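In: when you get a sec, could you give me coordinates for this:
(chains A, B, C and D)
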Protein chains: 2
Amino acid sequence: MSDGRSTSAYSGENLLFLTDEQLRQGIEAMFFAYRGFTADPDRILADMAYGRAHHRAIHFIHRAPGTTVNNLLNILGVTKQSLNRVLRTLIAQGLVISKVGKVDKRERHLFLTDEGSRLEQTLSDAQRARMRSAFRDAGPEAVAGFRTVLEAMMDTEMQRAYTRLKETGA
Amino acid sequence: MSDGRSTSAYSGENLLFLTDEQLRQGIEAMFFAYRGFTADPDRILADMAYGRAHHRAIHFIHRAPGTTVNNLLNILGVTKQSLNRVLRTLIAQGLVISKVGKVDKRERHLFLTDEGSRLEQTLSDAQRARMRSAFRDAGPEAVAGFRTVLEAMMDTEMQRAYTRLKETGA
DNA sequence: AGTATACGTCAGTGTTGTTGACATTCCAAC
DNA sequence: GTTGGAATGTCAACAACACTGACGTATACT
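Out: Next comes the predicted model:
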């Protein structure tokens, strides 16, 4: 749909994917897809006393074990009061443990307990299943494009956070 | 599929984009990108008494003028009580008008007022600007892939809603 | 000693989601 | 035509989760 027909060398022809209508479709696709993206974990969490905020915290603690509260704050982009409420319940329920830093005793390093890891696994299995199905249906080229556009859509600080995580993980 | 870069004909080679690590990067890309996606309208709305829910309602009323409350409900995926609170303030502030249906008096058809249209324009200009910039940076092929993956990620009902909107708009 | 940083907490507020109860309107069975 | 159920929309109360602002404590840096 984008350009297969644009055989002409005239550059205006190539910009059809930037019309307002195309952009609006992109916006709506993003809206509907994000709903699907969060639907499965939300369903699982609804039965427990947890919500999406807990999922996010668990995800990134799993991804970067030993991360400090401050670091998590920057990644999640919420206030410390908001994160603290979530963290407090997760610690009280024994899903997360917080260890005082060795080199800097002001810092608290966060880790998942075994139970926390199990929940993380359950949640990310559900989310990955949908992502895997979508990726498989779309094919590798589409997936590459998907990632390219999403990265271009982030704020620069988020790009940095994303890239840092990407590198530590791979 | 004709991936130019996958040199091997062995099909297992082609599934590298489905590893758990790749999927997790996709999940995180989605998370960070959605933050950017909503950031600009959120900033504009923060000054007013409105939030993201108001933006969504305004967007889809603009997109499908005369839509009923029930129809909007299905698109937005919230309870009617939740939507009603948002709608009530928008109507009270003169951004939306609700007209009793002619054939079925139970239905209310929703329209933007001139002031509502102005706000919609402001918000969607901001959101489109970011989307346009991301699209332009990524290029037409990446955009096509982006849309393909997002569509595959939606629930089937959402796919229908998305397709219906896409067709009425284009 | 004095300032800055990291973390936790209390109190208050706003948006947005939920459930429950209720009014109005339509339609079909009686 | 009347009645009862289904559909549509409204009002009220409550929960989750974000925000701001202020404060306290422990530790680090200079």
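In: nearest spatial neighbour of the most centrally placed residue in chain A, chain-adjacent residues omitted?
Out: Of all residues in chain A, the one closest to the mean position by C-alpha atoms, centre = their mean is A:Arg56, 7.6 Å from it. The spatial neighbour of A:Arg56 that comes closest, neighbours along the chain excluded (C-beta to C-beta, 6 or more residues apart in numbering or on different chains), is A:Leu76 at 5.9 Å. (Glycine included, C-beta is placed from N, CA and C.)
In: could you do A:Thr38 as well?
Out: Nearest one to A:Thr38, counting by C-beta to C-beta, 6+ apart, is A:Arg52 at 6.4 Å.
In: thinking again about what came up before, and the residue nearest to A:Arg56, how far is that from DNA strand C?
Out: For A:Leu76, the distance to DNA strand C equals 13 Å [C-beta to the nearest atom of the strand, to the nearest Å].
In: now do the contacts for that residue.
Out: Neighbour list for A:Leu76: A:Arg56, A:Ala57, A:Phe60, A:Leu83 [criterion: C-beta atoms under 8 Å, 6 or more residues apart in numbering or on different chains].
In: and what of A:Pro41?
Out: Counted by C-beta under 8 Å, 6+ apart, A:Pro41 has contacts A:Arg52, A:His55, A:Leu123, A:Ala126, A:Gln127.
In: so A:Gly94, which state does it fall into?
Out: coil (DSSP: H, G, I helix; E, B strand; the rest coil).
In: A:Phe111 is in contact with that one, correct?
Out: No - between A:Gly94 and A:Phe111 no contact is recorded; they are 11.9 Å apart, counting by C-beta atoms under 8 Å.
In: circling back to that earlier point, which members of the contacts of A:Leu76 additionally contact DNA strand D?
Out: Applying C-beta under 7 Å from any atom of the strand to the contacts of A:Leu76, one finds that A:Arg56, A:Leu83 fall near DNA strand D.
In: out of the contacts of A:Leu76, which are inside helices?
Out: Using DSSP state H, A:Arg56, A:Ala57, A:Phe60, A:Leu83 are the members of the contacts of A:Leu76 that sit in helices.
In: from those, which two are the most distant?
Out: Largest separation among the ones in helices among the contacts of A:Leu76 by C-beta to C-beta: A:Phe60 and A:Leu83, giving 10.6 Å.
In: so who does whichever residue of chain A sits closest to DNA strand D touch?
Out: Nearest residue of chain A to DNA strand D: A:Gly51, at 1.6 Å (C-beta to the nearest atom of the strand). Going by C-beta under 8 Å, 6+ apart, A:Gly51 touches A:Leu45.
In: could you export stretch A:42-51 as PDB, CA atoms only?
Out: The C-alpha coordinates for stretch A:42-51 follow below in PDB (Å, rounded to 0.1, in the frame of the first residue of the first chain):
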ATOM      1  CA  ASP A  42      -4.500  -7.200  33.100                       C
ATOM      2  CA  ARG A  43      -6.900 -10.200  33.100                       C
ATOM      3  CA  ILE A  44      -4.400 -12.200  35.200                       C
ATOM      4  CA  LEU A  45      -3.800  -9.300  37.700                       C
ATOM      5  CA  ALA A  46      -7.500  -8.500  38.100                       C
ATOM      6  CA  ASP A  47      -8.000 -11.600  40.200                       C
ATOM      7  CA  MET A  48      -5.200 -10.700  42.500                       C
ATOM      8  CA  ALA A  49      -4.900  -7.400  44.400                       C
ATOM      9  CA  TYR A  50      -2.400  -6.100  41.800                       C
ATOM     10  CA  GLY A  51      -2.700  -3.800  38.800                       C
END
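In: mind listing what's buried in that stretch?
Out: A:Ile44, A:Leu45, A:Tyr50 (16 or more other C-beta atoms under 10 Å in any protein chain shown).
In: looking at those, spot the one nearest B:Thr156.
Out: A:Ile44 (19.9 Å).
In: could I get the full set of helices for chain A?
Out: Going by DSSP H, chain A shows helices at A:20-47, A:52-63, A:69-76, A:80-92, A:114-138, A:140-153, A:156-169.
In: can you pull the alpha-carbon coordinates of stretch A:59-66 into CSV?
Out: Extracted in CSV, the C-alpha atoms of stretch A:59-66 (Å, rounded to 0.1, in the frame of the first residue of the first chain):
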residue,chain,number,x,y,z
HIS,A,59,8.9,-6.5,34.8
PHE,A,60,11.7,-4.0,35.1
ILE,A,61,13.0,-5.5,38.4
HIS,A,62,13.2,-8.8,36.7
ARG,A,63,14.9,-7.2,33.7
ALA,A,64,17.5,-5.3,35.7
PRO,A,65,17.9,-7.2,39.1
GLY,A,66,19.5,-5.1,41.8
